[in-house]
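**Q** The following comprises the amino acid sequence and a computationally predicted model.
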Amino acid sequence: MRSKSAILVILLSAAVAVLSGCKAEEQGRPTTYEKGVYGGKADKKLTGEQVRSLRHRGGLQRQ
Amino acid sequence: MARMKFLCDAERCIECNACVTACKNEHEVPWGINRRRVVTINDGKPGERSISVACMHCSDAPCIAVCPVDCIYNTEEGVVLHSKDLCIGCGYCFYACPFGAPQFPAVGNFGSRGKMDKCTFCAGGPDVDNSAEEYRKYGRNRLAEGKLPLCAEMCATKALLAGDGDVVSDIYRERVVSRGFGSGAWGWGRAYPGAPS
C-alpha cells in the first residue's frame, strides 16, 4: 500500500517536472498552435524615412 | 505606400545572370540554393526571351495557405517572409508555389530537407533588423537600410524592376508606351491578380 502511494508520488512529480519544460519561453519557440495564425516573432514596420528612401530609389530605375 | 513588387521586363533581359550572382553574394546563400534564376524560353530560336524568376511575393500567396505550421507571413509592405525557427521543412510550399521559389538546403535520410530558404525581397526575416542572427538565417536586410533588392538595383539593363508597386507599374507603362509594344509583365497576372500592368 505504502509502496503504491510512493510510486504515485514519484510519477506525479515526474509528470510535473516534464510538463513544466513545455513553457514557450523555456523552449524558445511557440508551443501552442492556432490554425491560420503566424505564431513566430513579429516583424518591424518600415519607418516613414525608409519608405521615402525606397520610393526615391524605385524612381531611379526609370531609364 | 503600395505593396512591394518585382517586375521582369522580358524585352530587356539579356540573360547575364548578374541578378543571380548578386543575390548569392549579398546573402551568402549556401551551396545548391539559388533564390533567383534566369529562365530562357525558345533558346536559340526566333522569339527567344529570358526572365529572371524568384519569389514574386504574391498578394494572395499560396505558400501561406498551405504551410501546415503557419511559418510564412505577409509584412506591412506586402513582402512574403518566413520564420526559420518555425519551419519544419515539409516542402508543401514548394509544391504550391507557381514560381518554384522555395528551396531546401539539405538532402538527407528520412526525407529531411532542412529549413526552407527563398527570396526575402532583401527584407531579412522576423529577427532583429540587421542583427547577426538575421543575416545568418535570412541574409542582408536592405529594406531596413532604405535600399531596394540588390538584384534589381544592379540590373544593367534595368530589366528587373523592384519596389513600390505603383512606381514599378508606372515605369513599365512608360516603357511600353515609348517602344510601342510590350511582352506583358511576366508573372504579374498570377502573382498580383487585379493589379494594373
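**A** Noted; the coordinates are in hand.
**Q** Test my guess that residue A:61 contacts residue B:172.
**A** No - at 9.8 Å, residue A:61 does not count as touching residue B:172 under the criterion of CB atoms under 8 Å. Where you see a C-beta, it was placed from the backbone N, CA and C, and this is true even at glycine.
**Q** tell me, what's touching the two both at once?
**A** Among the neighbours of residue A:61, those also in contact with residue B:172 (CB atoms under 8 Å, 6 or more residues apart in numbering or on different chains) are residue B:161.
**Q** Could you export the one helix or strand in chain A whose mean pLDDT sits lowest as CSV, CA atoms only?
**A** The helix or strand of chain A with the lowest confidence, counting by mean pLDDT, DSSP states H and E, is helix A:24-27 at a mean of 70. Only the C-alpha atoms of helix A:24-27 are listed here, as CSV (Å, rounded to 0.1, in the frame of the first residue of the first chain):
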residue,chain,number,x,y,z
ALA,A,24,7.2,28.5,-24.7
GLU,A,25,9.8,30.8,-23.1
GLU,A,26,11.9,27.8,-22.0
GLN,A,27,11.6,26.1,-25.4
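**Q** near chain B at all, it?
**A** No - judged by CB under 8 Å from any CB of the partner chain, helix A:24-27 and chain B are separated, with a smallest distance of 10.4 Å.
**Q** Counting neighbours, which bits of that helix end up buried?
**A** The neighbour-count check on helix A:24-27 (16 or more other CB atoms under 10 Å in any protein chain shown) flags nothing as buried.
**Q** what's it packed up against?
**A** In terms of contacts (3 or more CB pairs under 8 Å, 6 or more residues apart in numbering or on different chains; DSSP states H and E), helix A:24-27 is not packed against any helix or strand.
**Q** got a list of what residue 24 touches?
**A** If you meant another chain, say so; for now it's chain A. So residue A:24 contacts A:30-32 (CB under 8 Å, 6+ apart).
**Q** try again with chain B
**A** B:34-35.
**Q** would it count as being in a helix?
**A** Yes - judged by DSSP: H, G, I helix; E, B strand; the rest coil, residue B:24 forms part of a helix.
**Q** Let me know the pLDDT of it.
**A** Per-residue pLDDT puts residue B:24 at 96.
**Q** now residue B:88
**A** 90.
**Q** any idea whether it is helix, strand or coil?
**A** Reduced to three states by three-state DSSP, residue B:88 is coil.
**Q** what about residue 35, how many neighbours?
**A** You didn't say which chain, so I picked chain A. When neighbours are defined as other CB atoms under 10 Å in any protein chain shown, residue A:35 has 6 of them.
**Q** think we crossed wires, I meant chain B
**A** Using other CB under 10 Å, residue B:35 is surrounded by 22 other residues.
**Q** Point out where chain A drops to low pLDDT.
**A** For chain A, the stretches with pLDDT under 70 are A:1, A:21, A:26.
**Q** hey, which helix is longest across it?
**A** helix A:2-20 (DSSP state H).
**Q** do chain B as well
**A** helix B:165-179.
**Q** tell me which parts of chain B are close to chain A?
**A** Checking chain B against chain A by CB under 8 Å from any CB, the hits are B:1, B:69-73, B:75-77, B:81, B:83, B:85-86, B:125-127, B:129, B:143-148, B:152-153, B:158, B:161-164, B:167-168, B:171, B:174.
**Q** For ChimeraX, what selects the buried ones among those?
**A** The buried subset of the residues of chain B next to chain A, as determined by 16+ other CB under 10 Å, is captured in ChimeraX by this line:
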select /B:1,69,70,71,72,73,75,77,81,83,85,86,125,126,127,129,143,144,146,147,148,152,153,158,161,162,163,164,167,168,171
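**Q** can you give me the offset of stretch B:31-51 from its chain's centre?
**A** Counting by CA atoms, centre = their mean, to the nearest Å, stretch B:31-51 is centred 15 Å from the centre of its parent chain.
**Q** Any idea how far apart the tips of that stretch sit?
**A** End-to-end distance of stretch B:31-51 (CA to CA, to the nearest Å): 22 Å.
**Q** buried set for it?
**A** Those would be B:34-39, B:49-51, for stretch B:31-51 by 16+ other CB under 10 Å.
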